[in-house]
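In: Got a sequence here, can you model it:
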Amino acid sequence: MGQVRDAVSQDNDVTTWPSAGWSLLLPDSWSRIRLPTDRREQVSALVERAFATVSRDQGPELRRALARELLMLADDAFEGGGHEFYLLTEVRRGLPLAASCLVTVIPETMPADVDAEILARVLANAPGSEPATVTVGDVAVPAVRRSEPKRFRSPQEGAAPFEVTFTGLDVYVPFPDRSQILLLTFRTPMEEIASSMTILFEAIAGSLRFREA
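Out: Prediction:
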């Protein structure tokens, strides 16, 4: 995990995004969405940038599905009290990349005397979920790897629905006083690079640092 962060840092392509009580390190290709206003316009602009070098005749269903999914994530983030929402939209070697990171504060405590692996097994309570742990600072915290196939109706009349598998990682980090939990929710619809994206998700989560008020 440290090797991934080091590789990103050497490219001088990293931004530290501070919030009220924590900071998170993300590559510059990630953008922050302002949740209170203009979510649809911001998501549309990001998706268009992601597909800027791709012909509009190629992958129109994925383009629309991606926009719908990211807008739904942004709306859900706002309605659920999400604190921060980040999106990756980038084209690399002709392949459009897309991913999201939602930061939410859960007003619940995390038991201090339960092993992170045990907590992860409890949290991985849905189909397509796999327990894991991620190191944040020098502490292992519970995480859950997700694989969520979703079916979308084709915009072409009479065409069969199509399916997109979203790969994700949920990381549960207790606040230093363990009074609340910071949940980092990562998702990507890019099945071809899901494994690489998961490694990046773990590296971003590992960069989280809390700051004193």
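In: and stretch 125-140, how far apart are its ends?
Out: This stretch, stretch 125-140, spans 20 Å end to end (CA to CA, to the nearest Å).
In: what comes up buried for the longest helix along the chain?
Out: Criterion DSSP state H: the longest helix present in the chain is helix 60-79. Neighbour counts over helix 60-79 (16 or more other CB atoms under 10 Å) mark 61-63, 65-67, 69-71, 73-74, 77-78 as buried. All C-beta atoms are positioned from the backbone trio N, CA, C, and that covers glycine.
In: Mind listing the residues bridging to residue 168?
Out: Counting by DSSP bridges, residue 168 forms beta bridges with residue 146, residue 187.
In: And for residue 85?
Out: Beta-bridge pairing of residue 85 under DSSP bridges involves residue 102.
In: neighbours around it, how many?
Out: Neighbours of residue 85 under the rule other CB atoms under 10 Å: 25.
In: In this protein, mark out all the helices, start to finish.
Out: 2-10, 39-50, 60-79, 116-123, 194-206.
In: Which of these sits closest to residue 168?
Out: helix 194-206 (8.0 Å; CB to CB).
In: quick one: low-confidence ranges for this structure?
Out: Flagging of the chain using pLDDT under 70 yields the residue ranges 1-12, 20, 53-59, 89-97, 151-163, 213.
In: one step back: what lies in contact with the longest helix of the chain?
Out: Contacts with helix 60-79, where a contact means CB atoms under 8 Å, 6 or more residues apart in numbering, come from 33, 35-36, 39-40, 42-44, 46-47, 50-51, 56, 82, 85, 87, 98, 100, 102, 104, 150, 152, 154-155, 162, 164, 166, 187, 189.
In: So for this structure, the centremost residue is which one?
Out: Central residue of the chain (CA atoms, centre = their mean): residue 186, 2.1 Å from the mean position.
In: residues in contact with the nearest residue to that one once chain neighbours are set aside?
Out: Distances taken as CB to CB, 6 or more residues apart in numbering put residue 201 closest to residue 186, at 4.0 Å, once the chain neighbours are dropped. Applying CB under 8 Å, 6+ apart to residue 201 gives the contacts 99, 101, 168-169, 171, 186.
In: likewise residue 204?
Out: 24-26, 101, 184, 186.
In: which two in those residues are spaced the farthest apart?
Out: Every pair of these checked by CB to CB; the farthest is 25 and 186, at 13.9 Å.
In: if we can go back for a sec, okay if I get the helices of the chain as TSV plus distance to residue 176?
Out: Formatted as TSV, those follow (distance: least, CB to CB, whole Å):
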stretch	distance to residue 176
helix 2-10	21
helix 39-50	32
helix 60-79	24
helix 116-123	16
helix 194-206	16
